[in-house]
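Student: need a structure here:
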Amino acid sequence: MAPQIDYFQHIFLPVAKRFGIDAVCDIQRRGYFPRGGGVVQVTVQPVEELTPITMTQMGNITDVNIRSFIAGRLPIRIANETAAAACQTLEQYFGENVPNIRKEIVHEQAAIGTGSGILIVATTSTGCILGGSALGKKGLPAAKVGKVVFIRTYMWFTLRLLGRCR
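Tutor: Model prediction:
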């Protein structure tokens, strides 16, 4: 399954910008499985040459942004519960060294279909951007979705810390 458009917008594009790629992603309408129908316009400025970057040191996680959303007929409490579970799991993981955590709860008004999801974006002291995302699923408790996205992001943190992903 493809990553959410939010992953492209909040993780891929900021990293691409470091290479000198100037792009803007305008989400005009979201579409959810199985109907789909989302509309996105991406504008990319021409670039003659990419700027090389070095990202060999992960650094310490300084900021974490949590974006939890629902669309369609789902109650906003689902987005709140998902974000709360992710936040609680992050606080347990980091203990006393909890980074700055910001939560954004969104009810997507202009969407086709019904869905929910969450995106965690972590920024480090060296400018690295790490992230993970998960989608809600009928019958899957919202709190579990929040923990799933943490686990995906945690795996990324751990692999980077062990030096296995470069």
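Student: ok, F19 - contacts?
Tutor: Applying CB atoms under 8 Å, 6 or more residues apart in numbering, we find F19 in contact with L50, T51, P52, I53. To be clear about C-beta, it is placed using only N, CA and C from the backbone, and glycine gets the same treatment.
Student: Considering the residues you listed, which is situated nearest to K147?
Tutor: I53 (32.5 Å; CB to CB).
Student: For the residue nearest to D6 when sequence neighbours are not counted, give the beta-bridge partners.
Tutor: Spatial nearest neighbour of D6, chain neighbours left out: L119 (4.6 Å); criterion: CB to CB, 6 or more residues apart in numbering. With DSSP bridges applied, L119 shows beta-bridge pairing to R67, S133.
Student: What residues does the residue nearest to the spatial centre of the chain make contact with?
Tutor: Against the mean C-alpha coordinate of the chain, by CA atoms, centre = their mean, the closest residue is L119 at 2.9 Å. Contact partners of L119, counting by CB under 8 Å, 6+ apart, are Q4, D6, Y7, H10, N65, I66, R67, G131, G132, S133, V149.
Student: can you rerun that using 10 Å?
Tutor: L119 is in contact with 3-7, 9-11, 65-69, 86, 104, 131-134, 149, 153, counting by CB atoms under 10 Å, 6 or more residues apart in numbering.
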